[in-house]
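**Student:** from the sequence below, what's the structure:
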Amino acid sequence: MTVVPFAHPESVRHGVLGRGETLGALFTRLGVSGADARHWVSAAGRELNLRALPVGLEGVATLNHHGVVRRIHLVQDWQWEVLLAPGGDGIEAERRRRPVDRDLWVVRGEVRSSLFGAVLGAGEMESLAVALADAFQWDIDFHRDVREGDSFAVVVERVQSEGRTVAYGPILAATYTNRGRTYTAVRFAAADAGPGYYDAEGRPLRKLFLRSPLRFSRITSRFSPNRMHPVLGRRMPHVGVDYAAPTGTPIMATAAGTVTFRGWKGGGGNTVEVRHPGGYQTSYLHMSRFASGISVGTRVSQGQVIGFVGATGLATGPHVCYRVHHNGRYVNPLSVGRDPAPPLPADELPRFAGWAEQVLALLETPGGVPETVVVALRESAPVAFDA
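**Tutor:** Have a look, this model is predicted:
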């Protein structure tokens, strides 16, 4: 007769770090004795910044039948976790990647009120709406062009943890239909070049200027030679476009260039000015604060965050006044910078055409993409999947 030894059951306790709570307090709630808590905290400090622990940090403790903690998992985020357990030299700590699943997914939706609402209505996270707006940001102004009835389709890699979507890879292909016109974006990398978005014929979507310095906002005042100033109460030229947004919203440089001014500028409050090729200069007024590393002489790239929306200077509420100066005069920011980036080299067009045909075909049907198709796609254009 085989004797099966009795296995003492283990128990599991869960807890999350509360606002203003110390890691030691969390460990105590998980079952670590007060005398031992500092040793567990010290071990965790070898893998985590104890001064910047996020509220909601999840702890999972496994206890033996005597109620003694045998190990603790600290879930830092969807990517990383820290495992703590007694070892030969006290409490040992190991930081490791969390297991995730990746799949290629096609999302389709129709706008009823906003792009964010449409993406959420399709069962996806808001970050996918931001990525979609980024792909089409040179052709569609998502502040003023979006209309009820617009539709979109996106093929994107989803990252899932424990059955829940936690992140996305880059959008591989997408279409957006606005006012009856369909725009197409295909992610592709030419040889010796980084990935970018192109239309179905291989023409680059990137233009000299972005349509707006903010991803999402609303225009509250347009370029005008005779506007009533909301603070001074008299008519005077308005040489920019005002975009209203909550304080702290990131402001992006609309084109690559060099910072020529960063500081306080009278009624403009905190202001950044950037010089661009071709005799252009852009200005961003009323910032609450400047982005780290932005100073006179700094080279900035298109889309780089240079500051944050505020209401400094002569302003009645949080917004950014965006101005464009060209060859000695102010021009309407809504009408400049439509020159495209350099096209794909002619010898790259056949490879692009083959790739575009594959990914655009996927947009016709929503849902998961078969693994065999994903493998073939990765082999034909692996860089397209890179974040």
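**Student:** got the contact list for Leu219?
**Tutor:** That one is not Leu; residue 219 is Ile. Shown in contact with Ile219 (Cβ atoms under 8 Å, 6 or more residues apart in numbering): His143, Arg144, Val241, Asp242, Tyr243, Ala244. C-beta: built from backbone N, CA, C; applies to glycine.
**Student:** among these, which are in strands?
**Tutor:** Val241, Asp242, Tyr243, Ala244 (DSSP state E).
**Student:** and which of those residues is nearest Ala341?
**Tutor:** Val241 (23.1 Å; Cβ to Cβ).
**Student:** wait, is Ile72 part of a strand?
**Tutor:** Yes: when DSSP: H, G, I helix; E, B strand; the rest coil is applied, Ile72 is found to be in a strand.
**Student:** show me what contacts it?
**Tutor:** If you count contacts by Cβ under 8 Å, 6+ apart, Ile72 has them with Phe27, Leu30, Val32, Trp40, Gly59, Val60, Ala61, Thr62, Leu83, Leu84, Ala85.
**Student:** for Leu84, same thing?
**Tutor:** If you count contacts by Cβ under 8 Å, 6+ apart, Leu84 has them with Trp40, Ala43, Ala44, Arg71, Ile72, His73, Leu74, Ile91, Glu92, Ala93.
**Student:** before we move on, what about Met287?
**Tutor:** Neighbouring residues of Met287 by Cβ under 8 Å, 6+ apart: Ile251, Gly269, Asn270, Thr271, Val272, Gly307, Phe308, Val309, Gly310, Thr312, Val320.
**Student:** for the second one, what are its contacts?
**Tutor:** Each residue near Gly269 by Cβ under 8 Å, 6+ apart is listed here: Leu285, His286, Met287, Gly310, Ala311, Thr312, Gly313, Leu314, Ala315.
**Student:** buried ones among these?
**Tutor:** Listed as buried from the contacts of Gly269 are Leu285, His286, Met287, Gly310, Thr312, Gly313, Leu314, Ala315; burial here means 16 or more other Cβ atoms under 10 Å.
**Student:** distance of the first one relative to Val241?
**Tutor:** In other words, Leu285. From Leu285 over to Val241 the distance is 11 Å, taken as Cβ to Cβ, to the nearest Å.
**Student:** next one: phi and psi at Ala25?
**Tutor:** Backbone geometry at Ala25, expressed as degrees, to the nearest 10, gives phi -70, psi -40.
**Student:** report pLDDT for the closest residue to Val300 other than its chain neighbours.
**Tutor:** Among residues not flanking Val300 along the chain, Ala253 sits closest, at 4.5 Å (Cβ to Cβ, 6 or more residues apart in numbering). According to the prediction, Ala253 has pLDDT 96.
**Student:** end-to-end on stretch 292-302?
**Tutor:** 16 Å (Cα to Cα, to the nearest Å).
**Student:** contacts for that stretch?
**Tutor:** Contacts with stretch 292-302, where a contact means Cβ under 8 Å, 6+ apart, come from 206, 209-210, 252-262, 272, 274, 306-307.
**Student:** likewise stretch 29-41?
**Tutor:** 13, 15, 22-24, 27-28, 50, 59, 61, 63, 67-69, 72, 84, 90-91.
**Student:** give me the domain ranges for this structure.
**Tutor:** Following the assignment in automatic domain parsing, the chain carries domains at 11-97, 101-210+346-385, 224-332.
**Student:** got the buried residues for the lengthiest helix in the chain?
**Tutor:** Selection of the longest helix in the chain by residue count, based on DSSP state H, yields helix 349-362. Residues of helix 349-362 classed as buried: Arg351, Phe352, Trp355, Ala356, Gln358, Val359, Leu360, Leu362 (neighbour count, 16+ other Cβ under 10 Å).
**Student:** among those residues, find me the one that's closest to Ala381.
**Tutor:** Nearest member of those to Ala381, counting by Cβ to Cβ, is Trp355, at 4.8 Å.
**Student:** for Val159, see how far away that closest one is.
**Tutor:** Distance, Trp355 to Val159, by Cβ to Cβ: 22 Å.
**Student:** what do you get for Phe116?
**Tutor:** According to Cβ to Cβ, Phe116 and Val159 sit 20 Å apart.
**Student:** try Gly266
**Tutor:** For Gly266, the distance to Val159 equals 47 Å [Cβ to Cβ].
**Student:** so which of these two has more stuff around it?
**Tutor:** Val159 (17 against 9; other Cβ atoms under 10 Å).
**Student:** buried residues of the lengthiest strand in the chain, list them for me.
**Tutor:** Ranked by number of residues, the top strand in the chain under DSSP E is strand 164-178. Within strand 164-178, the residues that count as buried by 16+ other Cβ under 10 Å are 165-178.
**Student:** what helices or strands is that strand leaning on?
**Tutor:** Here strand 164-178 touches helix 126-135, strand 151-161, strand 181-188, helix 349-362, going by 3 or more Cβ pairs under 8 Å, 6 or more residues apart in numbering; DSSP states H and E.
**Student:** with just CA atoms, put that strand into CSV.
**Tutor:** C-alpha atoms of strand 164-178 as CSV (Å, rounded to 0.1, in the frame of the first residue of the first chain):
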residue,chain,number,x,y,z
ARG,A,164,-7.4,41.7,-19.7
THR,A,165,-5.9,44.1,-22.3
VAL,A,166,-3.2,46.1,-20.7
ALA,A,167,-1.3,47.7,-23.6
TYR,A,168,-1.1,47.8,-27.4
GLY,A,169,1.7,47.5,-29.8
PRO,A,170,1.9,49.9,-32.7
ILE,A,171,-1.0,50.2,-35.1
LEU,A,172,0.0,48.2,-38.2
ALA,A,173,-2.8,49.5,-40.5
ALA,A,174,-5.9,51.6,-40.1
THR,A,175,-8.6,53.4,-42.1
TYR,A,176,-10.6,56.4,-40.9
THR,A,177,-13.6,57.7,-42.8
ASN,A,178,-14.4,61.3,-42.2
